[in-house]
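Colleague: based on what follows, work out the 3D shape:
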Amino acid sequence: MTATLDTTLSLAGALNRALADALAEDERVLVFGEDVGTLGGVFRVTDGLAARFGDARVFDSPLAESGIVGTAIGMAMNGLRPVIEMQFDAFAYPAFEQITSHLAKLRNRTKGQVELPVVIRVPYGGGIGGVEHHCDSSEVYYTHTAGLRVVTPATPEDAYTLLREAIDSPDPVIFLEPKRRYWEKGTVDPQRRSPGLDKAVIRREGSDVTLISYGGALGTTLEAAEAAAEEGYHAEVIDLRNLAPFDLETVAASVRRTGRAVVVHEASRFCGYGAEVAAQLSEHCFHYLEAPVLRVAGFDIPYPAPNLEQHHLPGVDRILDAVERLQWDDAAPLDGEK
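Modeller: Numbers count the residues shown, from 1 in each chain. The predicted structure is shown next:
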């Protein structure tokens, strides 16, 4: 990786730097999608790349998501490493058939002889005052699809390292970018190696309860952990980073220490990603659990209007309420208990 150390960047800036470094170091890397060239993308993540690397390597595509993904598949089959952008989360749905029927399956179908190193960048989640089609949390569609890696950074440093690792991966990667965190800044060291695409990380150590989150909800979860400490609960916070495959080892080790767990995400609760996490922990940590695994999530409704967004997204108070319900000696009973 490039040799400049300790640069302060926004999450969007870290993604831009990762794309620039990948383009500079590997001529097989291409970046394209709707308005990613001259405009630099809706969120300006690709700003300046077309001017620097030319319109043969960074270019605009037609407004046809299925065509974008299909083109990227063909490029990857012929030795290139395309990085494509879906302008908003729900805009990716017209490409879903290409993703699930071809991108996810071709390497398995050819017994590994054909690699598909395609990265699909998807700005996802809420927190920006958008409306439906612009604020979906669509991660479970992809995590349920075998053959895809699903990655979501929550910090600028992870944005850089995870995107570089995703571009280097021989597998197709759905790279989910929490748009509410695009403008948050942090220190980025381009030489730092992350624990890897498959590893979760502990963002805060604690002994009483494990809070498990990712993407846009991680910042809120860390705020809740700070608030919980003031109430006497020492919460450990795990950033999953990689949703598929799931890092059971790191998460289970934490829950076995604390005996309690809450999963926090922006997507709807029913059949959301937290349901799978809860099932995994119930199977592998049952005898360590002091209470059922709880979930704090978005409501089971289409994404609401901007003035209702603050009620829909998990907040600190809802997370704290879940922590307090985890069958402490003086806690209120869980739902359905007498």
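
Colleague: only C-alpha atoms from now on, for both contacts and neighbour counts.
Modeller: Will do.

Colleague: show me where the stretch 201-338 of the chain has strands.
Modeller: Using DSSP state E, counting those that start in this stretch, the strands of the stretch 201-338 of the chain run over residues 201-204, 209-213, 235-239, 242-244, 261-268, 294-298.

Colleague: JSON lines please, covering the ones you listed and showing mean pLDDT and mean neighbour count.
Modeller: JSON lines is the format used below for the strands of the stretch 201-338 of the chain (pLDDT from 0 to 100; neighbours: other Cα atoms under 10 Å):
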{"stretch": "strand 201-204", "mean pLDDT": "98", "mean neighbour count": "16"}
{"stretch": "strand 209-213", "mean pLDDT": "98", "mean neighbour count": "28"}
{"stretch": "strand 235-239", "mean pLDDT": "98", "mean neighbour count": "25"}
{"stretch": "strand 242-244", "mean pLDDT": "97", "mean neighbour count": "24"}
{"stretch": "strand 261-268", "mean pLDDT": "98", "mean neighbour count": "27"}
{"stretch": "strand 294-298", "mean pLDDT": "98", "mean neighbour count": "23"}
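
Colleague: okay if I get those strands as CSV plus distance to residue 69?
Modeller: Compiled in CSV, those are given as follows (distance: least, Cα to Cα, whole Å):
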stretch, distance to residue 69
strand 201-204, 31
strand 209-213, 29
strand 235-239, 29
strand 242-244, 20
strand 261-268, 24
strand 294-298, 29
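
Colleague: residue 101 is nearest to which of those strands?
Modeller: Nearest to residue 101 among these is strand 242-244; the distance by Cα to Cα comes to 17.6 Å.

Colleague: picking that back up, of all the strands of the stretch 201-338 of the chain, which lies closest to residue 74?
Modeller: So among the strands of the stretch 201-338 of the chain, strand 242-244 is nearest, using Cα to Cα, at 23.9 Å.

Colleague: partners of that closest one, with directions?
Modeller: Using DSSP bridges, the strands paired with strand 242-244 are strand 149-151 (antiparallel).

Colleague: skipping adjacent residues, who's closest to residue 132 in space?
Modeller: Closest residue in space to residue 132, ignoring its immediate chain neighbours: residue 303 at 5.1 Å, by Cα to Cα, 6 or more residues apart in numbering.

Colleague: for stretch 244-263, measure first residue to last.
Modeller: For stretch 244-263, the first-to-last residue distance is 16 Å (Cα to Cα, to the nearest Å).

Colleague: please read the previous query as pertaining to stretch 81-99.
Modeller: End-to-end distance (Cα to Cα), stretch 81-99: 16 Å.

Colleague: what sits up against that stretch?
Modeller: Applying Cα atoms under 8 Å, 6 or more residues apart in numbering, the contact partners of stretch 81-99 are 28-34, 36, 41-42, 64-70, 72, 75-76, 117-125, 132-138, 167.

Colleague: narrow those to those that are buried.
Modeller: By neighbour count, with 16 or more other Cα atoms under 10 Å, the contacts of stretch 81-99 hold 29-34, 36, 41, 64-70, 72, 75-76, 117-125, 134-138, 167 as buried.

Colleague: please name the residues that touch the most centrally placed residue in the chain.
Modeller: Centroid-nearest residue in the chain, with Cα atoms, centre = their mean: residue 152, separated by 2.0 Å. Neighbour list for residue 152: 175, 176, 177, 178, 214, 215, 241, 242, 243 [criterion: Cα under 8 Å, 6+ apart].

Colleague: and the helices in this structure?
Modeller: With DSSP state H, the ranges of helices along the chain come out as 11-25, 49-53, 65-77, 96-98, 106-109, 139-143, 156-168, 217-230, 248-258, 273-285, 309-312, 316-324.

Colleague: just those helices: most buried one?
Modeller: Among the helices of the chain, the stretch with the highest mean neighbour count (mean count of other Cα atoms under 10 Å) is helix 156-168, at a mean of 24.
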